[in-house]
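Student: sequence first, then the predicted structure:
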Amino acid sequence: MFSRTNFSNESGLIQGCLKGDRNAQRQLYDTYSGKFLAICIRYLKDREHAEDVMIEAFMKIFDKLPQYQGSGSFEGWMKRIIVTQALMTLRSHRHLMMEVNLENEADFKDHSYELNHLEVADLREMVENLPVGYRTVFNLFAIEGYSHQEIADLLGITESTSKSQLNRARNTLKEKIASQTINTRQING
Amino acid sequence: MAKEKNNLDQFFREKLNQDSIKPSNLAWERLESQLPKQEKSKTPVIWWSIAASVAALFVAGYFTLTLSSNPSVEPILASSEENQIEEVIQQTEEIPTEISPEIPAQPEEKTTIIKKTKPTNSISQKPASIQVNTPASNLIAVAEEKSEVKTPDRKVTLTPLVEELELPTLALPNLEVNQTLAEVIEKPEAEEPAYRVRIYSDGIKEDKSLIEGISKKVDQVEGLLGKVDQGFADLQDAKNNFFTALLTKKEKVAEKP
């Protein structure tokens, strides 16, 4: 009857979650779980594993909610918790091995690539299939917008390692996009 | 080159920030099992609160009925005192114009009248202190409770004086045994009305808002009940229509062959 409280605005939703209201928690989960699972999958590749991490991260969000000051975007605040949780998992599973490649950057061909025809799922798959080190740095830098300094601190690597991992990730992606473009052209042609 | 890289980054960022993968249905259940337990019985709580509020309404209604029936005692008590006041006024011939319009007024104002008896009574005792006492009565009117405690004592001592003047028959029997008896009878008569009038007058001040609030709530409840009745009547109509429609159809079917 009166149990359907209005959580339409963000602050009301946060207040409800702070009180431990199950409906508010459910609504927060329904609103963001898809987005956050996609983030987790970008870092962890394995879907079930990613889902575990997402659930753990939601627990942390509910736990840490009293610490949210209301400054800055709420989604951004939650995303940081999600990313941190994903990185912690990566580290604890010793997945995070940085490939130190001594090849010259010049060896990478400058592939011509077209982006427009690519779907979100294609892009996700490309990122997922990157080696762990490339993938993590690319996710953090290119998509989440962390600086190399922050990435170096988060991952326990040097800034230059972070930069080189990023460059390798970009080149690999370009290669993949180029090959995919050729494939689609062959199919279309 | 740098621009190109940024383009790549930007492209991935824009696309992948829109990315959303629906988690499995079990995911929420797993999360919920880890969350601190919450009393799920939300609707029972509402029903309990409704029941409690209805009970509170009944209690409040009971009290208002008992309180509204009590004021019937008041006029009698008040009139008896008013008579006394009038008699005192007749004796002293002080301010008949001021008091006489106030006598038919509400019980709230009776307290002020009663307080005015104090100066008039004191006149009968000490005629010199009239002007000094009247401002004092205003002060007492502010601190009502204190005056309430004090005034009965004075009254008890004063009313016998009045009644001695009124009823010489009581005063006449000066026999030792009768005197004690007469005093015993007089005192409770004088004390009880003095107390009762003040208590009820104060009580009604607060009750007015209460009664108004309660009457509003009762109206609301009545409105709800009316709606329920209407809905029930509509349902019955619909049911009757339905059955009549069925019956007519059956009749038609029966008629056709």
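Tutor: Structure's in. What do you need?
Student: isn't B:Ile211 up against B:Phe63?
Tutor: No - proximity of B:Ile211 to B:Phe63 does not meet the contact threshold set by CB atoms under 8 Å, at 9.7 Å. All C-beta spots, glycine's among them, are computed from the backbone N, C-alpha and C.
Student: anything in whichever helix or strand A:Leu87 is part of near chain B?
Tutor: Here A:Leu87 sits within helix A:74-92, counting by DSSP states H and E. No - using CB under 8 Å from any CB of the partner chain, helix A:74-92 stays clear of chain B, coming no nearer than 9.6 Å.
Student: let me see the contact set for A:Lys64.
Tutor: With CB atoms under 8 Å, 6 or more residues apart in numbering or on different chains as the criterion, the residues that contact A:Lys64 are A:Ile81.
Student: A:Ile143 touches B:Asn17, doesn't it?
Tutor: Yes - in this structure, A:Ile143 is within contact of B:Asn17 by CB under 8 Å, at 6.9 Å.
Student: neighbour-wise, which of those two wins?
Tutor: Set side by side, A:Ile143 and B:Asn17 show more neighbours around A:Ile143, with 22 against 16, by other CB atoms under 10 Å in any protein chain shown.
Student: which of the helices or strands spans the closest residue to chain A within the stretch 151-257 of chain B?
Tutor: Distances between the stretch 151-257 of chain B and chain A by CB to the nearest CB are smallest at B:Leu224, namely 13.2 Å. Applying DSSP H and E as the criterion places B:Leu224 in helix B:176-255.
Student: which bits of chain A sit near chain B?
Tutor: A:1-3, A:20-22, A:25-26, A:29, A:33-35, A:37-38, A:41-42, A:47, A:51, A:54-55, A:58-59, A:62, A:110, A:115, A:118, A:120, A:123-124, A:127, A:138, A:141-143, A:145, A:170, A:173-174.
Student: tally of neighbours for B:Ala60?
Tutor: Residues within reach of B:Ala60, counting by other CB under 10 Å, total 16.
Student: quick check: closest non-adjacent residue to it.
Tutor: B:Ile214 (5.0 Å; CB to CB, 6 or more residues apart in numbering or on different chains).
Student: A:Gln165 now?
Tutor: A:Val137 (4.0 Å).
Student: so where is chain A shaky, pLDDT-wise?
Tutor: When residues are selected by pLDDT under 70, those of chain A lie in A:1-6, A:94-117, A:187-189.
Student: and B:Leu235, how many neighbours does it have?
Tutor: B:Leu235: 10 neighbours (other CB under 10 Å).
Student: so what's the gap between the biggest helix by length in chain A and the chain middle?
Tutor: Longest helix in chain A, counting residues (DSSP state H): helix A:159-188. Distance of helix A:159-188 from the chain centroid (CA atoms, centre = their mean, to the nearest Å) equals 18 Å.
Student: point out the other helices and strands that that helix packs with.
Tutor: Packing contacts for helix A:159-188, counted by 3 or more CB pairs under 8 Å, 6 or more residues apart in numbering or on different chains; DSSP states H and E, involve helix A:120-128, helix A:132-138, helix A:148-155, helix B:2-17.
Student: now the helix or strand following the last one: buried residues?
Tutor: Next helix or strand after helix B:2-17 toward the C-terminus (DSSP H and E): helix B:25-34. Of the residues in helix B:25-34, those scored as buried under the neighbour-count criterion (16 or more other CB atoms under 10 Å in any protein chain shown) are B:27-28, B:31.
Student: can I get the helices and strands packed on helix A:159-188 in CSV including distance to A:Met78?
Tutor: Output for these, formatted as CSV (distance: least, CB to CB, whole Å):
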stretch, distance to A:Met78
helix A:120-128, 20
helix A:132-138, 19
helix A:148-155, 17
helix B:2-17, 14
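Student: can you say which of those is packed in most?
Tutor: Neighbour counts (mean count of other CB atoms under 10 Å in any protein chain shown) averaged over each of the helices and strands packed on helix A:159-188 peak at helix A:132-138, with a mean of 25.
Student: that one packs against which elements?
Tutor: helix A:22-44, helix A:74-92, helix A:120-128, helix A:148-155, helix A:159-188.
Student: quick check, central residue of chain A?
Tutor: A:Ile39 (3.5 Å; CA atoms, centre = their mean).
Student: which residues touch that one?
Tutor: A:79, A:82-83, A:86.
Student: which one of those residues is nearest A:Ala152?
Tutor: Of all the contacts of A:Ile39, A:Val83 has the smallest distance to A:Ala152: 15.1 Å, by CB to CB.
Student: you'd agree A:Ala50 is up against A:Glu56?
Tutor: No - in this structure A:Ala50 lies outside contact range of A:Glu56 using CB under 8 Å: 10.7 Å.
Student: just want the residue of the stretch 51-200 of chain B that's nearest chain A.
Tutor: B:Ser53 (12.7 Å).
Student: if I look at that residue, how far off is A:Gln180?
Tutor: 67 Å (CB to CB, to the nearest Å).
Student: so which of these two has more stuff around it?
Tutor: A count of neighbours by other CB under 10 Å puts A:Gln180 above the other of B:Ser53 and A:Gln180, at 17 against 12.
Student: pretty sure the more buried one is touching A:Glu125, no?
Tutor: No - at 9.9 Å, A:Gln180 and A:Glu125 do not qualify as touching, with contact defined as CB under 8 Å.
Student: so of the helices and strands packed on helix A:132-138, which one's packed in deepest?
Tutor: helix A:22-44 (a mean of 21).
Student: helix or strand right after that one?
Tutor: helix A:47-64.
Student: got the angle between that next one and helix A:120-128?
Tutor: 90 degrees (axes from the mean of the first three to the mean of the last three CA atoms, to 10 degrees).
Student: with just CA atoms, put helix A:47-64 into PDB.
Tutor: Backbone C-alpha positions of helix A:47-64 (Å, rounded to 0.1, in the frame of the first residue of the first chain) are rendered in PDB as follows:
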ATOM      1  CA  ARG A  47      31.500 -14.100 -17.200                       C
ATOM      2  CA  GLU A  48      30.800 -16.000 -14.000                       C
ATOM      3  CA  HIS A  49      33.900 -14.700 -12.400                       C
ATOM      4  CA  ALA A  50      32.900 -11.200 -13.400                       C
ATOM      5  CA  GLU A  51      29.500 -11.700 -11.900                       C
ATOM      6  CA  ASP A  52      31.000 -12.800  -8.600                       C
ATOM      7  CA  VAL A  53      33.100  -9.700  -8.600                       C
ATOM      8  CA  MET A  54      30.100  -7.500  -9.400                       C
ATOM      9  CA  ILE A  55      28.200  -8.900  -6.400                       C
ATOM     10  CA  GLU A  56      31.100  -8.400  -4.100                       C
ATOM     11  CA  ALA A  57      31.400  -4.800  -5.400                       C
ATOM     12  CA  PHE A  58      27.700  -4.200  -4.800                       C
ATOM     13  CA  MET A  59      28.300  -5.400  -1.200                       C
ATOM     14  CA  LYS A  60      31.100  -2.800  -0.900                       C
ATOM     15  CA  ILE A  61      28.900  -0.100  -2.400                       C
ATOM     16  CA  PHE A  62      26.200  -0.700   0.200                       C
ATOM     17  CA  ASP A  63      28.800  -0.900   3.000                       C
ATOM     18  CA  LYS A  64      30.600   2.200   2.000                       C
END
